[in-house]
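> Next come a sequence and a model predicted from it.
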Amino acid sequence: MKSSLGRFRVKPLLLLMLVCITFIGCDAIEEILTLTTLTEAVAIIGAASGSDLTGIAMFIQEGDTITVFIEIEGVSPGLHAVHIHENGDCSAADGTSAGGHWNPTDVPHGKWGEGEFHLGDLGNIEVGEDGIGTFELTTDLWEIGTGSDFDIVGKGIIVHADADDFTSQPSGNAGARIGCGVIELVE
Ligand SMILES: [Cu+2]
Ligand SMILES: [Zn+2]
C-alpha cells in the first residue's frame with residue numbers, strides 16, 4: 001500500500017487545482033491540499049430516493065489507522081445515519097443495491113466503539129440549518145486496498161433519511177437511503 005502512495009497523488013492534485021481556480025481562489029487551501037494529497041480512498045456520494053444530497057467521503061491512512069472525513073450537503077437538518085454497506089453498487093434509485101451493512105465480523109448492528117457493532121456502523125451525521133453535515137472517525141479496524149475481509153475498497157457508503165437508533169436490528173431503523181457512493185482506491 002504505502003510503497004505505491006506516490007502514484008495516488010496525481011489525479012486529486014489536478015482536481016484540486018481545478019476547484020481552486022474555479023471556485024475558491026488559492027489563498028486558504030493548504031488544509032484541503034494536505035487532505036487531498038493524502039487521500040487513499042474516496043467515495044463520491046450522490047443522491048438517492050429523490051433527494052438533493054451531494055457529498056464526499058475521504059479515507060486517509062497513517063500507519064495502521066485510517067481516518068474517514070465525510071461531508072454532505074443538500075440534506076434536511078438533524079441526524080442522519082451513515083454506514084458502510086456491503087456492496088459498492090448504487091445502481092438502484094433507492095440505494096438498495098448497496099445491500100446490508102458491511103459486517104465482516106458477523107456481529108449484531110450497534111453503536112461504534114460500544115460493545116458489538118458492524119464495521120460499517122459509522123453512526124449519525126448532524127446536519128445544520130444550512131443543510132451541511134460533517135463527520136470524522138479514526139480506526140485501526142479497517143484496511144485500504146489489501147483485498148482482505150477488512151478492506152473498505154469496493155464497499156458502499158449510504159446516508160439515510162433518519163437517525164440510527166443503534167439498537168434496532170439489522171440496521172438501526174434509519175429509514176430510506178438518500179445518498180449512495182462507492183469507495184474507490186485513489187489512483
Ligand atoms: Cu445504512
Ligand atoms: Zn449496522
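Yes, it's here. Numbering: from 1, shown residues only. Ligands and ions are numbered 1, 2, ... in the order given.
> For the chain, just list every one of the strands.
Along the chain, the segments classed as strands by DSSP state E run 39-47, 54-62, 65-73, 78-85, 123-127, 133-139, 156-160, 177-182, 184-185.
> Which among the ones you listed is found nearest to ligand 2?
Ligand 2 lies closest to strand 78-85 among the strands of the chain, at 5.8 Å (CB to the ion). Bear in mind the C-beta positions are built from the backbone N, C-alpha and C, glycine included.
> Buried residues, that closest one. List them.
Leu79, His80, Ala81, Val82, His83, Ile84, His85 (16 or more other CB atoms under 10 Å).
> Which strands and helices lie in contact with that strand?
Strand 78-85 sits against strand 123-127, strand 156-160, with contacts defined as 3 or more CB pairs under 8 Å, 6 or more residues apart in numbering; DSSP states H and E.
> which residues sit in contact with the residue nearest to the spatial centre of the chain?
Centroid check for the chain by CA atoms, centre = their mean gives Ala57 as the closest residue, at 3.8 Å. With contacts defined as CB atoms under 8 Å, 6 or more residues apart in numbering, Ala57 is in contact with Val42, Ala43, Ile45, Val68, Phe69, Ile70, Ile157, Gly181, Ile183.
> Dig out what it forms beta bridges with.
Using DSSP bridges, the bridge partners assigned to Ala57 are Ala43, Ile70.
> Quick check: beta-bridge partners of the single nearest residue of the chain relative to ligand 1?
Of all residues in the chain, His83 sits closest to ligand 1, with a separation of 3.3 Å (CB to the ion). Per DSSP bridges, the residues bridged to His83 are Ile158.
> would JSON lines of the buried residues of strand 78-85 with distance to Ser148 be doable?
Shown next, in JSON lines, are those (distance: CB to CB, whole Å):
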{"residue": "Leu79", "distance to Ser148": "32"}
{"residue": "His80", "distance to Ser148": "29"}
{"residue": "Ala81", "distance to Ser148": "26"}
{"residue": "Val82", "distance to Ser148": "23"}
{"residue": "His83", "distance to Ser148": "20"}
{"residue": "Ile84", "distance to Ser148": "15"}
{"residue": "His85", "distance to Ser148": "18"}
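> Sort out which one of those lies nearest Leu38 for me.
Proximity of those to Leu38 (CB to CB) peaks at Ile84, which lies at 19.9 Å.
> Please name the nearest non-neighbouring residue to that closest one.
The shortest distance from Ile84 to any non-neighbouring residue, by CB to CB, 6 or more residues apart in numbering, is to Gly120 (3.4 Å).
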